[in-house]
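Student: Provided below are the primary sequence and the corresponding predicted coordinates.
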Amino acid sequence: MGRIKKIGKLAILLPAVLAVSFVPLIVTAKRYNIGLNGFDWFGSETSVDLFLYWKGQALILLAGLMLAGFLFYVSESGRRSRLWQKTKVPAVAWLALYFLLAALSTLFSQERDKAFWGSYEQWEGLLIIAAYVVLFLYTYWMVDSERAVRFFVYGLMIGSFVLGLIGTCQFMNMDLFRSETGQAIMNLLSDKKLEYSFNFSSGWVYATLYNPNYVGSYAALVLPVVVGVAAVEWKKIPIFWTGLAMIDSCLLTVTLLGSQSVTGCVGVVASLIFLLVYMWPRLVNTMGFRKILAGAVGIGIFAAVAFFLFPEEIQYGINKIFHPTEDYHVIQQMISTGQGLQVTTVKGDVFYVEITGEDSRPFVVTGEGGEEIPLEKNTEKDYYTLQDERFDNFRLYSKEVTPAGKSYPAVRIFNPTINKEWTIAKVGENYMVYNAFGKLDEWREIPAWGFENNQHFGDKRGYIWSRTFPLLPNYMLLGCGPNIYTIVFPNDDYVGKTNMNYDGVIVTKPHNLYLQIWVQTGLLSLIAFLAMVLWYMVDSMKLYFNRPLTAVADKLGLSIMIGIFGYLVTGLANDSTVAVAPVFWGLLGLGMAVNHGIKKGWAERDTGKAQ
């Protein structure tokens, strides 16, 4: 009877375990109406999501089961008292403030429905944030023994093993999702059978997480926990789980390297450095210089083998940080004026193009002082060049555009040096860009801060951040709403995006967790989020610094802390996503539960029973 009761106590944790183990593995199609076609910088009416929508729906379902489990659990008054004691910590108060501000940002958002339900490319609206909060609190409240910790970690390990196996097979050019079986899985919930193509070349790992960058975040978060299981003595963890953890560690490492996620590798390395610095006094006292030296040699050998096996991937990562592609732009800005289309080059030189609509003389080009710049026509290829050495590499083509069935005279400005072009139409006395979606849109001045000569930094993160920084003062109190970054980002930056080869590409995320939170739910919510995780990190560091680290809970608690640190580091260049964030929130709740349990002494009691 006692064993059945123990199994029942673990079963109540199952929804949380599935949220961190099963949800990241879901890959199946959802066709939906995007709802952004009203914006001139967007063109499609429908799209198909493979990696995020159904993950979010599964998480919401599991969060509902967690709420039902919570109500069942607190039906007993003694349990309510215990949960209330666990709730009285600063992290929970900061979490409540974070969610309140997210809810207010949704309420006052210009796109309230999208902010609540989620939308295009991200699917991380307020409802998903609420599911994160439920997962965090449920795990924190319900994990009350070392047995429960093991159950949770074992579930996570099974999920990461499957994900690592899929990723390793992708690295070996055996991608499940390029096979007939994988195509059938992706069409499982689709209203009709679809054929899928992939943006990633064969051998590039994305696992089940949509983007190789998210593989990096996942590995930085989960790998320390899996290694922590492998490091626990066999007498305390059954040998099966130890062996699985060792294999899983190898699979996740190959998956990480195969993803070519520089951010993930930086997160893992930063976690290792953090662990060594944090544990250095203990390592010196307990291991001695020789063992430390042997460990350093082992790490060096591993690094050398990695460089030997993955030279291209590692060189690619080094170049992204230290040798990004050089900015090679010619045009700085275009804007409609009474004098015509004003074109400003990166050197600050200006010329104006006036479209006449005449066949014999389609353009009049003038300088900044109003002087006319002569044009020479290339009759063979039907374009005009400017007879001014400052602009002699520009070519002007006369054309006509017909957006929405109405024709307008236009000019195509092409620069063969950088192979970039823009089409501008004259609508009345106004000059408008004719964009990649066949729509006319107004020119406007796009504010930018920073990365002036380094916009390719971090695989074009420099460009995205330079356009995100000017948004920040607008969202000091409340943000624009969850999942609304796409709308407030200047996706109508036609000069900047074309310069970055982003023409026709919609920027949907800032590639930075902290900028994402600030813009979408406000600076105050970012402060609340940081205060919550900082409280956990400080509490963990104080707790484990002088612990003997002999109990299973001690070692797993330390491993969770390292994983959380790695995820926060990857947040400097990656966003929150429903593909990985459930694992973060679940492990954060588990880490707090382990810390609470160690303080209350149940880790020692459970360890004593096991021995």
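Tutor: Perfect, I can see it now.
Student: for the residue lying closest to E121 once chain neighbours are set aside, give me phi and psi.
Tutor: Nearest residue to E121, sequence neighbours excluded (C-beta to C-beta, 6 or more residues apart in numbering): T508, at 4.1 Å. Glycine gets a C-beta too; all of them are placed from N, C-alpha and C. Here is the backbone geometry of T508 (degrees, to the nearest 10): phi -110, psi -10.
Student: repeat that for L13.
Tutor: Taking degrees, to the nearest 10 as the convention, L13 sits at phi -80, psi -10.
Student: what's around it, how many residues?
Tutor: 22 (other C-beta atoms under 10 Å).
Student: again, but for K542
Tutor: Neighbours around K542, by other C-beta under 10 Å: 10.
Student: hmm, back to that, and the gap between the residue nearest to E121 and M541?
Tutor: Distance of T508 to M541, given as C-beta to C-beta, to the nearest Å: 35 Å.
Student: same question for P24.
Tutor: P24 is 28 Å from M541, by C-beta to C-beta.
Student: for the two, indicate the residue with more neighbours.
Tutor: Using other C-beta under 10 Å, the more surrounded residue of P24 and M541 is P24, with 29 against 14.
Student: so that one sits in a helix?
Tutor: Yes - under DSSP: H, G, I helix; E, B strand; the rest coil, P24 sits within a helix.
Student: hang on, it packs against G159?
Tutor: Yes - look at P24 against G159 with C-beta atoms under 8 Å: they come within range, at 6.4 Å.
Student: how about the residue nearest to E121, what does it touch?
Tutor: Y120, E121, Q122, Y485, T486, F489 (C-beta atoms under 8 Å, 6 or more residues apart in numbering).
Student: quick one: it and T28, what's the gap?
Tutor: Distance from T508 to T28, by C-beta to C-beta: 21 Å.
Student: also K381?
Tutor: From K381 to T28 the distance is 49 Å (C-beta to C-beta).
Student: out of those two, which sits in the busier spot?
Tutor: Higher neighbour count among K381 and T28: T28, with 17 against 8, using other C-beta under 10 Å.
Student: surely that one touches L188?
Tutor: Yes - assessed by C-beta under 8 Å, T28 is found in contact with L188 at 4.6 Å.
Student: in the strand or helix carrying W280, what counts as buried?
Tutor: In the assignment (DSSP states H and E), W280 maps to helix 262-286. Across helix 262-286, burial judged by 16 or more other C-beta atoms under 10 Å covers 262-268, 270-271, 274-275, 278-279, 283.
Student: which secondary structure state does the nearest residue to A270 once chain neighbours are set aside sit in?
Tutor: With C-beta to C-beta, 6+ apart as the criterion, A270 has its nearest non-adjacent residue at 4.5 Å, and that residue is V569. Three-state assignment for V569 (three-state DSSP): helix.
Student: am I right that V569 is in contact with L221?
Tutor: No - contact status for V569 versus L221: not in contact, 10.1 Å apart, counting by C-beta under 8 Å.
Student: mind listing what the closest residue to G357 other than its chain neighbours touches?
Tutor: Once flanking residues are discounted, G357 sits nearest to P409: 4.5 Å by C-beta to C-beta, 6+ apart. Contacts for P409 were tallied using C-beta under 8 Å, 6+ apart; they are I355, G357, P362, S398, E400, A425, K426.
Student: swap in 7 Å and give it another go.
Tutor: Contacts for P409 (C-beta atoms under 7 Å, 6 or more residues apart in numbering) come out as I355, G357, E400, A425, K426.
Student: name the element the closest residue to P90 other than its chain neighbours belongs to?
Tutor: Once flanking residues are discounted, P90 sits nearest to W535: 5.0 Å by C-beta to C-beta, 6+ apart. According to DSSP H and E, W535 maps onto helix 523-545.
Student: thought R395 was touching T385, still the case?
Tutor: Yes - between T385 and R395 there is a contact under C-beta atoms under 7 Å: 6.0 Å.
Student: specify which member of the contacts of T508 is nearest to Q455.
Tutor: F489 (14.8 Å; C-beta to C-beta).
Student: so what's the residue count around that closest one?
Tutor: Using other C-beta under 10 Å, F489 has 21 neighbouring residues.
Student: that one is in contact with R467, isn't it?
Tutor: Yes - counting by C-beta under 7 Å, F489 touches R467, with 6.5 Å between them.
Student: so which one among the contacts of P409 has the lowest pLDDT?
Tutor: Within the set of the contacts of P409, pLDDT is lowest for G357 (82).
Student: how far away is it from F351?
Tutor: Per C-beta to C-beta, G357 is found 19 Å from F351.
Student: what do you get for N474?
Tutor: Counting by C-beta to C-beta, the gap from N474 to F351 is 34 Å.
Student: then F414?
Tutor: Distance from F414 to F351, by C-beta to C-beta: 15 Å.
Student: the more surrounded of these two?
Tutor: When neighbours are counted by other C-beta under 10 Å, F351 comes out ahead of the other of F414 and F351, with 20 against 17.
Student: which SSE is the more buried one in?
Tutor: strand 350-355.
Student: what packs against that strand?
Tutor: strand 340-345, strand 363-367, strand 408-415 (3 or more C-beta pairs under 7 Å, 6 or more residues apart in numbering; DSSP states H and E).
Student: got the angle between the last one and strand 350-355?
Tutor: Between strand 408-415 and strand 350-355, the angle comes out at 150 degrees (axes from the mean of the first three to the mean of the last three C-alpha atoms, to 10 degrees).
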